[in-house]
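Asker: Pasted the sequence and its predicted model underneath.
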Amino acid sequence: MKIRFGYVSQSMSLWDASPSKTVTYTRFSQLPASERMEKLLTVTATNLVNTERMLHYNIGHEIELYRFSSSIVPLATHPEVRWDFVTPFREEWRRIGELVKRHHLRVSFHPNQFTLFTSPRKDVTRNAVTDMEYHYRMLEAMGVEKESLINIHIGGAYGNKEESLERFQVNLKSLPPHIKEIMTLENDDKTYTTDETLRMCELEGVANIFDYHHHMANLGDAPLEQLLPKVFATWEKRGLIPKLHISSPKSASAFRSHADYVDIEFLQPLLEILHSMKQDVDFMIEAKQKDLAMLKLVEDISKIRGVKRISGGAVEWK
């Protein structure tokens, strides 16, 4: 059994390396018209440089998983702006994609909570499609769209979960098929349990990203021993190693909030089930301390009897 580890968006170890520097629409609209495009270009250029810095950091530390920031391009989906962010940076996007491909990195995007397909409002669905197209376009500019993931949650229940799930399936038909092919669905911590998310993944033929922390905050009916084999089966269509999201509660009173680091005791039941299954998995760490939390968890898991660290960001458990 092999576990690879990754982190989200920004390394805490690098100085001033945010790939999510932004421009608000208010600030953008206050600028003279002659300066607006230059501002977008400057901020995007900085975010692309920092994204590339992150990839070099990951390569140097043998970290094979990475989630790109969704905010690389400011105002990319704003209805009053929507600009061409590919043409001016074709070389930068290509260079980032080459790093991903050359070093066999597994990359993904996770659009924000407003990118959902359960809303009864048509404009919400249209915006969700626009946002998914934006994320796909970035992957396409890198040349890595076929191997990558765009992960979302099902969305809200709007007072009737069954109707919302039916609406999800109807609204999802608005998403271009080539984007749906790389889409994944994740169970959430309040509304849709692992059982419910898994069922939707099976119906729609998409992979299920299992979030352990969310699962523990929003338990369904089936035990993990029964759920996980079915979750992992949803990845067979794409031939990819199942990917899990890993974090632990900030406190008992703030159970849904993510702690700075991952508590291995909280994770222990999951680890034991995975080991009994001999299932290779990828762990995306969602703790507040990002790469620092990831590296600490690798060390903590490496101390388990029978576990051997085989790289900066991977372990093997016999």
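Answerer: Okay, I see it.
Asker: How many residues are close by residue 181?
Answerer: Each residue near residue 181 was counted by other Cβ atoms under 10 Å, and the total is 16. Quick note: C-beta positions are derived from backbone N, CA and C, even for glycine.
Asker: Please disregard the earlier target; I meant residue 27.
Answerer: A total of 13 residues lie near residue 27 under the criterion other Cβ under 10 Å.
Asker: roughly how far apart are it and residue 118?
Answerer: 32 Å (Cβ to Cβ, to the nearest Å).
Asker: cool, and residue 139?
Answerer: Taking Cβ to Cβ, one finds residue 139 at 24 Å from residue 118.
Asker: try residue 318
Answerer: From residue 318 to residue 118 the distance is 43 Å (Cβ to Cβ).
Asker: what do you get for residue 59?
Answerer: From residue 59 over to residue 118 (counting by Cβ to Cβ), the distance is 38 Å.
Asker: who has more neighbours, those two?
Answerer: residue 118 (26 against 17).
Asker: Leaving out the residues flanking it, which one is nearest to the more buried one?
Answerer: residue 155 (3.4 Å; Cβ to Cβ, 6 or more residues apart in numbering).
Asker: so which helix or strand takes in the one you found?
Answerer: Using DSSP states H and E, residue 155 sits in no helix or strand.
Asker: Also residue 198?
Answerer: helix 194-204.
Asker: counting contacts, what elements does that helix pack onto?
Answerer: helix 161-172, strand 183-186, strand 207-211, helix 224-233 (3 or more Cβ pairs under 8 Å, 6 or more residues apart in numbering; DSSP states H and E).
Asker: residues making contact with the third one?
Answerer: Going back to what we said before, that points to strand 207-211. Outside strand 207-211, the residues that touch it by Cβ atoms under 8 Å, 6 or more residues apart in numbering are 149, 151, 184-189, 194, 197-198, 201, 227-228, 231, 234-235, 237-238, 240, 242-245, 247, 286.
Asker: go again using 7 Å as the cut-off
Answerer: 151, 184-187, 194, 197-198, 201, 231, 234-235, 238, 243-245 (Cβ atoms under 7 Å, 6 or more residues apart in numbering).
Asker: That strand: partners in the sheet, and parallel or antiparallel?
Answerer: Next to strand 207-211 in the sheet, as set by DSSP bridges, lie strand 183-186 (parallel), strand 243-246 (parallel).
Asker: Any chance of a markdown table for the ones you listed, columns mean neighbour count?
Answerer: Shown next, in a markdown table, are the strands paired with strand 207-211 (neighbours: other Cβ atoms under 10 Å):
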| stretch | mean neighbour count |
| --- | --- |
| strand 183-186 | 22 |
| strand 243-246 | 22 |
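Asker: Need the single longest strand in this structure, by residues.
Answerer: Ranked by residue count, the top strand of the chain under DSSP state E comes out as strand 2-8.
Asker: what are the ranges of the strands in this protein?
Answerer: Here the chain has its strands, by DSSP E, at 2-8, 65-67, 106-109, 149-153, 183-186, 207-211, 243-246, 281-285, 307-311, 314-317.
Asker: dump the residue contacts of the most centrally placed residue in the chain.
Answerer: Taking Cα atoms, centre = their mean, the centroid of the chain lies closest to residue 110, which sits 3.8 Å from it. Neighbouring residues of residue 110 by Cβ under 7 Å, 6+ apart: 67, 70, 151.
Asker: Could you give the number of residues near the second one?
Answerer: In other words, residue 70. Residues near residue 70, counting by other Cβ under 10 Å: 21.
Asker: now the last one
Answerer: For residue 151, the number of neighbouring residues by other Cβ under 10 Å comes to 23.
Asker: shouldn't it be in contact with residue 184?
Answerer: Yes - with contact defined as Cβ atoms under 7 Å, residue 151 counts as touching residue 184 (4.5 Å).
Asker: which residues sit against stretch 250-264?
Answerer: 189, 217, 246-249, 285-289, 293, 296-297, 300-301.
Asker: Name the nearest of those relative to residue 50.
Answerer: Within the contacts of stretch 250-264, proximity to residue 50 (Cβ to Cβ) peaks at residue 289, which comes in at 18.1 Å.
Asker: Which pLDDT does the model give the closest one?
Answerer: With respect to pLDDT, residue 289 has a value of 98.
Asker: distance of it from residue 145?
Answerer: Taken as Cβ to Cβ, the span from residue 289 to residue 145 is 30 Å.
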